[in-house]
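In: Need coordinates for the below:
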Amino acid sequence: MGRSSVASGCQRSWRTRLSAKASVKAAVARSLCHSVTHKIMPMTVVASVLNSSQGRVTTFRPLMAAVVRAALRLCADGDDLRVQLAARVALAGQWLAPLGAQGLGAPIMPLVLGGDVRTMQVAARVLAAGFDVRGIRPPTVPEGTSRLRIVISRNVAEADIAGLAAALKEAL
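Out: As a prediction, the model looks like this:
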């Protein structure tokens, strides 16, 4: 059975199960079936979403269906975005590991400084240098483990990572 016949069968079967006044839900169902046809999302996920929303979700808008479709397309086609993020995270690990940053290999890198007063002072100095690094202190973390929360995104330039490392080195 071809992909188009699976999608049309999917649309027909779900449309008949939806009430006549649930045209918005039908639009969501069509969007989700479109995702199956283009191999963006597996059918089991589509069935789960539709089954769990029956009778409860009445406020779906066509715009929401379009947003979900675009997000799923990004997820499916996002390998290059993930590679770019991994490269930025690896570079940040090289620059920040000598300063004590942990969680290397992940976009969120904590830098445990201990006392909350020192952590907030360092965070203020780094913020003054132009970097949005937040100080995390009790009760969010255990006493004596206050830390800076460094988040690396794909949109951060390599020069920004080097500048952050220099600002942290100076502030510490």
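In: Walk me through the domains of this protein.
Out: What automatic domain parsing lists as the domains of the chain is 3-77, 80-171.
In: Confidence-wise, which of those domains is weakest overall?
Out: Between these, the lowest average pLDDT goes to domain 3-77, which shows a mean of 60.
In: how long is stretch 72-82 from one end to the other?
Out: End-to-end distance for stretch 72-82, by CA to CA, to the nearest Å: 14 Å.
In: longest helix of the chain?
Out: helix 79-96 (DSSP state H).
In: Next secondary structure element downstream of it?
Out: Of the helices and strands lying after helix 79-96 in sequence (DSSP states H and E), the nearest is strand 108-114.
In: So for stretch 125-140, what gets flagged as buried?
Out: 125-126, 131, 133, 135-137 (16 or more other CB atoms under 10 Å). C-beta: built from backbone N, CA, C; applies to glycine.
In: Report the angle between the longest helix of the chain and strand 108-114.
Out: Going by axes from the mean of the first three to the mean of the last three CA atoms, to 10 degrees, helix 79-96 is angled at 20 degrees with respect to strand 108-114.
In: Against which helices or strands is helix 79-96 packed?
Out: The contact analysis (3 or more CB pairs under 8 Å, 6 or more residues apart in numbering; DSSP states H and E) places helix 79-96 against strand 108-114, helix 158-171.
In: what's the spacing between Ile150 and Ala70?
Out: 29 Å (CB to CB, to the nearest Å).
In: Which of those two has more residues huddled nearby?
Out: Ile150 (25 against 10; other CB atoms under 10 Å).
In: residues touching the closest residue to the more buried one other than its chain neighbours, list them.
Out: Ranked by CB to CB, 6 or more residues apart in numbering and with sequence neighbours excluded, the top spatial neighbour of Ile150 is Met109, at 4.5 Å. By CB atoms under 8 Å, 6 or more residues apart in numbering, Met109 lies in contact with 92-93, 96, 101-103, 150-152.
In: mind running it again at 10 Å?
Out: 89, 92-93, 96-97, 99-103, 133, 147-152 (CB atoms under 10 Å, 6 or more residues apart in numbering).
In: ok so, going back, of the helices and strands packed on helix 79-96, flag the one that's most buried.
Out: strand 108-114 (a mean of 18; mean count of other CB atoms under 10 Å).
In: returning to what we had before: now the contacts of Met109: which count as buried?
Out: 89, 92-93, 96, 99, 101, 133, 147-150, 152.
In: Show me which pair in the residues you listed is furthest apart.
Out: Based on CB to CB, the longest span within those runs between Val89 and Arg147 and measures 17.7 Å.
In: does Thr140 sit in a helix, a strand or a coil?
Out: Look at Thr140: counting by DSSP: H, G, I helix; E, B strand; the rest coil, its state is coil.
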